[in-house]
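Asker: Please work out how this folds:
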Amino acid sequence: MPERTNLDGIDRAIVDRLQGGFPICERPYAAVAETLGIGETELLERLQRLLDERVLTRFGPMFQVERMGGAFVLAAMRVPAADWSRVLAIVNGFPEVAHNYRRESGCGRTYDGGEFNLWFVLATETAEAIDPVVSRIEAASGLAVYRFPKLREYFVEMKLAVRA
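Answerer: Model (predicted):
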């Protein structure tokens, strides 16, 4: 992984600006760059550097997959500490895994006698595709995957300011 550099004021402004309200026009990056007082090429280069250095782990739209006919489900696993890296690599290897996170002991929910420590979101093109993906993750990891389907929808808009 490349070494991270310090974020300058322009980098911070880029991250702040790109957390919402991305323009829909012929050249959206040029439009954003203009609001930041830089050129489109510089914006694209800086954005790529932030991604390469893992300052940003993802940049792209958020879709309501169900409105497009797809499906998603929150899933959890109990992963032994000694097996964490292997299982995480397996889970991350599935393109249907939108994101994941680790919950430390004492923070997670329990079910069926144990605490979940790996949580992830599966997103598929159809509702019927969820179960086969879960089965493939279970077969590859040797561990059970527990599904937590959405019962109610919440909208939580989280924007993290990176201003100096």
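Asker: what about the residue nearest to residue 140 when sequence neighbours are not counted, distance to residue 79?
Answerer: Setting aside the residues directly before and after it, residue 140 is nearest to residue 90 in space (C-beta to C-beta, 6 or more residues apart in numbering), at 4.8 Å. All C-beta spots, glycine's among them, are computed from the backbone N, C-alpha and C. As defined by C-beta to C-beta, to the nearest Å, residue 90 lies at a distance of 10 Å from residue 79.
Asker: if we can go back for a sec, from residue 13, how far out is the residue nearest to residue 140?
Answerer: 38 Å.
Asker: lowest-pLDDT helix or strand in the protein?
Answerer: Sorted by mean pLDDT, DSSP states H and E, the helices and strands of the chain end with strand 110-111, the least confident at a mean of 52.
Asker: model confidence over whatever helix or strand comes next after that one, on average?
Answerer: Downstream of strand 110-111, the next assigned helix or strand under DSSP states H and E is strand 114-115. Averaging pLDDT along strand 114-115 gives 77.
Asker: again, but for stretch 17-34
Answerer: pLDDT averaged over stretch 17-34 gives 92.
Asker: What residues of that stretch count as buried?
Answerer: Using 16 or more other C-beta atoms under 10 Å as the test for burial, stretch 17-34 gives 18, 29, 32, 33.
Asker: coming back round to it: give me every residue that touches the residue nearest to residue 140.
Answerer: Residues near residue 90 by C-beta atoms under 8 Å, 6 or more residues apart in numbering: 137, 140, 141.
Asker: Format the residues you listed as CSV; extra columns: distance to residue 119, secondary structure and neighbour count.
Answerer: Below are the contacts of residue 90 laid out as CSV (distance: C-beta to C-beta, whole Å; DSSP: H, G, I helix; E, B strand; the rest coil; neighbours: other C-beta atoms under 10 Å):
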residue, distance to residue 119, secondary structure, neighbour count
137, 13, helix, 23
140, 18, helix, 15
141, 14, helix, 19
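Asker: show me what contacts the most centrally placed residue in the chain?
Answerer: The centroid of the chain falls nearest to residue 99 when counting by C-alpha atoms, centre = their mean (3.7 Å). Contact analysis of residue 99 by C-beta under 8 Å, 6+ apart lists 58, 120, 121.
Asker: Hmm, the second one is touching residue 102, no?
Answerer: It refers to residue 120. No: counting by C-beta atoms under 8 Å, residue 120 does not reach residue 102; the two are 10.0 Å apart.
Asker: So the two - more neighbours on which side?
Answerer: residue 120 (21 against 12; other C-beta atoms under 10 Å).
Asker: Not counting sequence-adjacent ones, nearest residue to that one?
Answerer: Nearest non-adjacent residue to residue 120, counting by C-beta to C-beta, 6+ apart: residue 100, 3.5 Å away.
Asker: If anything else comes up later, I'll come back, but that's it for now.
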